[in-house]
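Participant: Sequence first, predicted model second:
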Amino acid sequence: MAETERQLTEEEIRKLEEEFDPEARFRTVTRPVALLCGALLFLLSAYHFYTAGFGIPRATTHRGMHMGVSLFLIFLSFAAFARNRHNTGGFALLGIPVIDWLFALTGAVAAFYVPWIYDQLAFRVGNPLQIDIIMGTLLLVALLESVRRSMGWPLPVIALIFVAYAYFGRSMPGILVHPGADWPNIINHLYLTSQGIYGTALGVIATYVFHFVLFGVMAQRIGLGQLFIDLATALTGRFSGGPAKVSVVSSAMLGTISGSSIANAVTTGALTIPAMVKIGFQRHFAAAVEAASSTGGQITPPVMGAVAFLMVEYLGIPLRTILIAAIVPAFMHFFGVLVQVHLEAKRLGIRGLTKEELPNAVKVLREGWLSVLPLILLVWMLMSGRTPFLSAFWAITACMVVYLIQRVMASGLIDGAKETAVGIVEGFIAGARQSLSVTVAAALVGVVIGIVTLTGVGFKIAFMVTSVAQDWAGGTYGFLGFLPFELFSIETLTLLFTLIMTAVVCVLMGCGVPTTANYIIMVAVAAPVLGMLNVEPLVAHFFVFYFGVLADVTPPVALAAYAAAGIAGANGFKAGNTAFRLSMGKALVPFVFVFSPSLLIVTQGFTLPDFLLAFTGAVLGIVALSVAITNWMIGPLHWLERVLLPIAALMMIAPELVSTLIGAAILGAVALRQTLAGRAAPPAAA
């Protein structure tokens, strides 16, 4: 971008989202189709808003209705190929290719079919009719094509591999062999039972996630996102590297209402990235700060994308338990980014914003306090034990009331009421549109989960992984045998190697697969691995989730980093590598809470001493690693200090008192040496 010092317009932000986020690449449609899609999107949101407050119908009916409407809209909203989204080509009806109308109608009919025959399912499961097999096959094809259009190839390819595994089970090698299943049995399991397409993943999207997506859209409409940015600027902008710290804090705040890394990156990045470049940060570093901060939105309570609600279903525990567990790890992520930003600013001597460039915090709160009330209401209701969908219902209602008050105060009673009605309709349409891709992805992930339960492959993979980890642990234990004391037990080494392999797979799976889909798949495949090693289920779920999120800043498919690089005019790959470096806190902390579950607060056997030891060790470990990576503390580091500090970091994140004390002693010695040497950072704001 030629002129990074200026802020981007809304149109430029929209184009950036389309460029880097496949889910935002909607096709250009004719007015009749736009009116049809708009009406259906509004009705979909209105239906969910009503059911959230007044009761959700039978699960299969609710899920089928949600999926059927979403499938119909997907094929009207997304072209077969992104390059054709601005032209029809071929035979078209109302500007939409005829084949897309056929896909839309077929997918909707196949999705509605199961709720329609629901009362007969008790007699059909296990003995499907020919029409059941045909409808199930059509729905599977429609889901594969809809996800390919809206999210790309990775997830459909994974689903096809799993289906092929189920069908060709007799030909599989070694431990992976199984009796196999014919096509009617596969469709019966995936289509007519609650173990496949109509399973938990789709249910969570239709029952919980949709409402929170809608809340996020309505909260943005009443100005909550802008309030967060202004407040973060007022509170942190004056310090060294001010705009970078604003990026971290504002992304953390925005993450409370948005679970999208890319949307977060372009929303806050449009303001913070030009400011970072202007005061002296390199372009790729500015993009990396925004990307690393924005990915934290998916791990920040209370929304956390869709994963918090999936955990509720999978683990059978209250949502507030999950939200409490997420607080400390989320803090660690943003703390790690903030420390590296501060050190980089000190190293380069980058100033903060001047008083004239800063908004007044009191004025910001006085003018925007009304926007915060719906979020406060949402958090209060969730923490008091209300159901997530009822909490979302009242939070959305509060957003509409606040919006009405704002419009009436700005334009008068009549005009304000009209503007409110238009704004609510637009918000409902935008909220439903944002849910389309995640709905079909969740339904297709149900195919993967269905194959796992049909074939039992999850436990086979768990056995293979733990066997390899045990072999590596035995070799490492023997290698360390020269030590006069036992540094690690075989059990600890086995768990460590299992965690490393699981983390690598999660990151690789996340390259091109949405975070929610990645989490669901890894829970089915990787969580049993950790379960075999007696890792608590909540801890195992958090571990695979955190490393799945890390893929958003891990090249070669670091979408959040590429979007931020597009704003900064930087090299996307370089920005991704730097964002991964800035996210090292997120990469280290999951290992901490596996070995010391007390860090999640709500785990079994929680004790305050264990929590304080793990928390202190993690904080000091992140500081030590950040200093080593940045090559700056009070001044530049000696080469020996750069070698010792990563070792100290690893020792401090190991939740044992002796190792933590040794690591802290190393960190303290480095700090003392630098202080005594009298080195000072270049002149910068405090």
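Facilitator: On my side now, so go ahead.

Participant: And the strands in the protein?
Facilitator: 92-93, 96-97 (DSSP state E).

Participant: Of these, which shows the lowest average pLDDT?
Facilitator: Per-stretch mean pLDDT for the strands of the chain is lowest at strand 92-93 (a mean of 84).

Participant: Geometric centre of the protein: which residue is closest?
Facilitator: Geometric centre of the chain, nearest residue: residue 298, 3.7 Å, by Cα atoms, centre = their mean.

Participant: can you pull the contacts of that residue?
Facilitator: 255, 259-261, 304-305, 307, 515, 549, 552 (Cβ atoms under 8 Å, 6 or more residues apart in numbering). Where you see a C-beta, it was placed from the backbone N, CA and C, and this is true even at glycine.

Participant: same thing with residue 617?
Facilitator: With Cβ under 8 Å, 6+ apart, residue 617 has these contacts: 592, 652-655, 660, 663.

Participant: With residue 400 as the reference, measure out to it.
Facilitator: For residue 617, the distance to residue 400 equals 46 Å [Cβ to Cβ, to the nearest Å].

Participant: Also residue 438?
Facilitator: Following Cβ to Cβ, the distance that separates residue 438 from residue 400 is 23 Å.

Participant: More neighbours: which of the two?
Facilitator: Between residue 438 and residue 400, residue 438 has the larger neighbour count (other Cβ atoms under 10 Å), namely 26 against 20.

Participant: min pLDDT across the contacts of residue 298, which one?
Facilitator: Among the contacts of residue 298, pLDDT bottoms out at residue 259, giving 66.

Participant: got the strands of the chain as TSV, with distance to residue 647 and mean neighbour count columns?
Facilitator: Putting the strands of the chain into TSV (distance: least, Cβ to Cβ, whole Å; neighbours: other Cβ atoms under 10 Å) gives the following:
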stretch	distance to residue 647	mean neighbour count
strand 92-93	64	14
strand 96-97	60	20
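
Participant: Switch these over to TSV; also include distance to residue 47.
Facilitator: As requested, those are arranged in TSV below (distance: least, Cβ to Cβ, whole Å):
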stretch	distance to residue 47
strand 92-93	27
strand 96-97	24
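
Participant: List just the one of these that sits closest to residue 506.
Facilitator: The closest of these to residue 506 is strand 96-97. By Cβ to Cβ, the value is 37.6 Å.

Participant: Off-centre distance for the closest one?
Facilitator: Offset of strand 96-97 from its chain centre (Cα atoms, centre = their mean, to the nearest Å): 33 Å.

Participant: ditto for stretch 416-428
Facilitator: Counting by Cα atoms, centre = their mean, stretch 416-428 comes out at 29 Å from the chain centroid.

Participant: Can you tell me what sits against that stretch?
Facilitator: Stretch 416-428 has contacts (Cβ under 8 Å, 6+ apart) with 41-42, 45-46, 49, 214, 217-218, 221, 400, 403-404, 407-411.

Participant: Could you tell me which residues within that stretch count as buried?
Facilitator: For stretch 416-428, burial by neighbour count (16 or more other Cβ atoms under 10 Å) applies to 416, 419-420, 423-424, 427-428.

Participant: Helices of the stretch 251-400 of the chain, residue ranges please.
Facilitator: For the stretch 251-400 of the chain, the helices defined by DSSP state H, counting those that start in this stretch cover 261-279, 283-295, 307-315, 319-348, 361-383, 388-411.

Participant: What's the mean pLDDT across the second one?
Facilitator: Averaging pLDDT along helix 283-295 yields 92.

Participant: ok and that helix relative to helix 319-348, angle-wise?
Facilitator: 160 degrees (axes from the mean of the first three to the mean of the last three Cα atoms, to 10 degrees).

Participant: Next: the fifth one.
Facilitator: Calculated by the same axes, to 10 degrees, helix 361-383 forms an angle of 150 degrees with helix 319-348.

Participant: Could you name the helices and strands sitting against helix 361-383?
Facilitator: Other helices and strands packing on helix 361-383, by 3 or more Cβ pairs under 8 Å, 6 or more residues apart in numbering; DSSP states H and E, are helix 210-221, helix 224-236, helix 319-348, helix 388-411.

Participant: most packed of these?
Facilitator: Sort these by mean neighbour count, taking mean count of other Cβ atoms under 10 Å, and helix 210-221 sits at the top with a mean of 26.

Participant: angle of it against helix 307-315?
Facilitator: Using the same axes, to 10 degrees, helix 210-221 lies at 160 degrees relative to helix 307-315.

Participant: how much distance is there from helix 210-221 to the middle of the chain?
Facilitator: Distance, stretch centre to chain centre, for helix 210-221: 16 Å (Cα atoms, centre = their mean).
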